[in-house]
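A.B. asks: prediction below, plus the sequence it came from.
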Amino acid sequence: MAETPIRLLHISDIHLGIKPTFFDGSFFDFQIEILRSLLQRASQQGLSYVLISGDLFDSNRESDYIVEKTLALFQGFSNLHFIIIPGGGSEYKEEVTGHDAYTEDSIYKRAIFLNAPSNIHLLTPENPKLTLGDITFYGGFFSLPKTNKSESSYHVAVVHGSVGKDDGFIKLHELDQAFYDYIALGHFHKCKRVSQKSAYAGVLIPFEFPSYFGELKGSYIVVELSRGAVRINEKHLDNSTQFIKRRVDALEELKTLLESCHERTFLHLILPKDFKETVNELLKAIPQARRSLKKIDYEDEPSVSLDFFDTLSVVVENFKKERNEEIIEKAEEFIVDILYRRRSLDTINDFIERVKDEA
Ligand SMILES: [Mn+2]
């Protein structure tokens, strides 16, 4: 008989307590509602574990009210175990001061956390390991966990930090070689599978525009563990915030985009200068888009004066050497943006063929 896989919910970088200036009303109340609806679904679907890989709170200065409401929410889901790590630790000194790091004045050292409900489990540099049923959980703080392997059936690491080639970064080969069945990563604000058995959950409730051109949607991961196999299912939330940063130079496209906005959509647009008048007209016709449109940059006609392929080759060469996931991601977005400016499908196809040949 086939065994039923163990399913875990992996969420990260929720930044409870952050106050984005553009949001009308309490962003914290909104965060709690999004969390509640996701946990309700997880609970109904029979999941038992929720992994939170750092930056649960935006800072160590969040009020007791915020901590109490969060813990009460978690406590209400008594059939779920919450495995939480701070967004930092004692391994990588330069980064331990960020957000809800495990510092002297850490939010996780408050009395309320020391007496937390029994379904809430905190992994810290002092207590980095915990076994629940068949699974041992290991906390990693800007590095892979340092503890020994336990005698469990399953091993799950929960880690906050960047994957890259430089000192202080988690190396890709370390992820591949580690004994864990799954490595739940946090810190990078985009849902991304890093290896066969490790992934960033991204940000559950986006609160800022991405640095690249594209769309940032709320994301999470459902992990399925069975003997000798792990399945990573990347998911997006429909009721969460959505941040879109896009260059638009066709009016029809702009109209469609504005019409598709809902109250949780936020737009940063880069438009041709001569769109100014039209944008005002469009906003009169589509008033609901007014709330979404947070920023417009007007620019002159894009020009590509350097030899296109020479420029692109340099970018590709540099980015092939790069092993920092975050930089690779940005380089990819950059290349897509250049290609988009050229707007020729043949150019894009030629480029893809060239990269394939060289790989
Ligand atoms: Mn974060």
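C.D. replies: Nice, I can see it. Numbering: from 1, shown residues only.
A.B. asks: what residues sit buried inside the helix or strand where I84 lies?
C.D. replies: If you go by DSSP states H and E, I84 is part of strand 81-85. Neighbour-count burial for strand 81-85 flags H81, F82, I83, I84, I85 (criterion: 16 or more other CB atoms under 10 Å). Every C-beta, even on glycine, is put in place using the N, C-alpha and C of the backbone.
A.B. asks: hmm, it in reach of the ion?
C.D. replies: No. Strand 81-85 lies out of reach of the ion by CB under 5 Å from the ion, never closer than 12.3 Å.
A.B. asks: coming back round to it: same list (the buried residues of strand 81-85) but as CSV, adding pLDDT.
C.D. replies: CSV is the format used below for the buried residues of strand 81-85 (pLDDT from 0 to 100):
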residue, pLDDT
H81, 98
F82, 98
I83, 98
I84, 98
I85, 96
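A.B. asks: ok, which stretches of the chain are helices?
C.D. replies: Assigned by DSSP state H, the helices in the chain fall at 27-44, 64-76, 111-114, 172-177, 251-259, 276-285, 288-292, 308-321, 325-342, 345-358.
A.B. asks: ok, T131 - contacts?
C.D. replies: For T131, the contacting residues are F137, S150, S152, by CB atoms under 8 Å, 6 or more residues apart in numbering.
A.B. asks: can you rerun that using 6 Å?
C.D. replies: Shown in contact with T131 (CB atoms under 6 Å, 6 or more residues apart in numbering): S150, S152.
A.B. asks: could you pull up the mean pLDDT of stretch 58-73?
C.D. replies: Averaging pLDDT along stretch 58-73 yields 96.
A.B. asks: residue numbering should commence at 26 henceforth.
C.D. replies: Got it, the first residue is 26 from now on, which makes the last one we talked about stretch 83-98.
A.B. asks: in it, what's buried?
C.D. replies: Of the residues in stretch 83-98, those buried (16+ other CB under 10 Å) are D83, S84, N85, E87, I91, V92, K94, T95, L96.
A.B. asks: just the closest of those to D125, please.
C.D. replies: N85 (5.8 Å; CB to CB).
A.B. asks: from R218, how far off is the residue most central in space within the chain?
C.D. replies: For the chain, the residue sitting closest to the mean C-alpha position, by CA atoms, centre = their mean, is G227 at 1.3 Å. Distance, G227 to R218, by CB to CB, to the nearest Å: 11 Å.
A.B. asks: ok, now S244?
C.D. replies: 11 Å.
A.B. asks: of the two, who's got more company?
C.D. replies: A count of neighbours by other CB atoms under 10 Å puts S244 above the other of S244 and R218, at 24 against 13.
A.B. asks: wait, that one touches C216, no?
C.D. replies: Yes. Proximity of S244 to C216 meets the contact threshold set by CB atoms under 6 Å, at 3.6 Å.
A.B. asks: quick one: contacts for the residue nearest to the centre of the chain?
C.D. replies: K215, C216, S244.
A.B. asks: where does the first one fall, phi/psi-wise?
C.D. replies: Okay, so that is K215. phi -150, psi 140 (degrees, to the nearest 10).
A.B. asks: that one: neighbour count?
C.D. replies: Neighbours of K215 using other CB under 10 Å come to 19.
A.B. asks: mind listing the residues bridging to the residue nearest to E240 when sequence neighbours are not counted?
C.D. replies: Excluding the flanking residues, the one nearest E240 by CB to CB, 6 or more residues apart in numbering is I269, at 4.9 Å. When assigned by DSSP bridges, I269 has beta-bridge partners E240, L292.
A.B. asks: ok, how many other residues are close to G253?
C.D. replies: 6.
A.B. asks: can you pull the pLDDT of it?
C.D. replies: For G253, the model assigns a pLDDT of 79.
A.B. asks: quick one, phi/psi of it?
C.D. replies: Dihedral pair for G253: phi 70, psi 10, per degrees, to the nearest 10.
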